[in-house]
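Chemist: I would like to see how this sequence folds:
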Amino acid sequence: MKTQALLASITLALAGSAFAAGDKHDHAHEHKPMHGGVVVEVKDIDYELVAKPAVIQLHLRDHGKAADVSKATAKVTLLTGTEKQEVELKPVGDKLEATGSFKVGPGTKAVAVVTVAGKPATARFTVK
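Modeler: Modelled structure (predicted):
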């Protein structure tokens with residue numbers, strides 16, 4: 001009985017490690033900020049959030065190249081302490097942007113819901 005339990009445990013452990021290894025992917029692009037913001041990857045797209053008191057920008061890169069955001073929409077929710085602010089971003093050149101007055105600083109959490117070609121994606125950031 002102990003042998004069967006041991007074999008089952010080993011099988012599950014090996015299956016889990018194979019699954020975890022399959023989650024990693026090789027690619028030539030880096031996930032470094034190119035505009036001074038914070039970068040996260042969602043569905044093979046890099047999202048870089050640049051959050052300043054007067055402007056919020058979201059840059060999208062597909063394998064290192066700027067993604068077409070001309071028909072994209074985005075809504076960013078900023079959480080600073082107990083304050084919550086929702087911001088609609090619009091395409092401006094090769095990025096999504098909103099101008100105004102925003103309460104952002106180190107530790108601000110941001111959740112961006114971006115829709116490109118009818119496909120939504122959610123990216124979560126912590127401003128540094």
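
Chemist: how far does the top strand by length along the chain sit from the chain's center?
Modeler: As assigned by DSSP state E, the longest strand anywhere in the chain is strand 83-92. Computed by CA atoms, centre = their mean, to the nearest Å, the chain-centroid distance of strand 83-92 equals 15 Å.

Chemist: next structured bit after it?
Modeler: Remark: after strand 83-92, the chain's next helix or strand is strand 95-99, criterion DSSP states H and E.

Chemist: list the helices and strands whichever helix or strand comes after that following strand packs on?
Modeler: Next helix or strand after strand 95-99 toward the C-terminus (DSSP H and E): strand 109-116. Here strand 109-116 touches strand 45-51, strand 55-62, strand 73-80, strand 119-126, going by 3 or more CB pairs under 8 Å, 6 or more residues apart in numbering; DSSP states H and E. (Glycine included, C-beta is placed from N, CA and C.)

Chemist: please redo it, this time with the cut-off set to 10 Å
Modeler: For strand 109-116, the elements it packs on are strand 38-42, strand 45-51, strand 55-62, strand 73-80, strand 83-92, strand 95-99, strand 119-126, judged by 3 or more CB pairs under 10 Å, 6 or more residues apart in numbering; DSSP states H and E.

Chemist: other SSEs contacting the fifth one?
Modeler: I take that to be strand 83-92. Strand 83-92 packs on strand 55-62, strand 73-80, strand 95-99, strand 109-116, going by 3+ CB pairs under 10 Å, 6+ apart.
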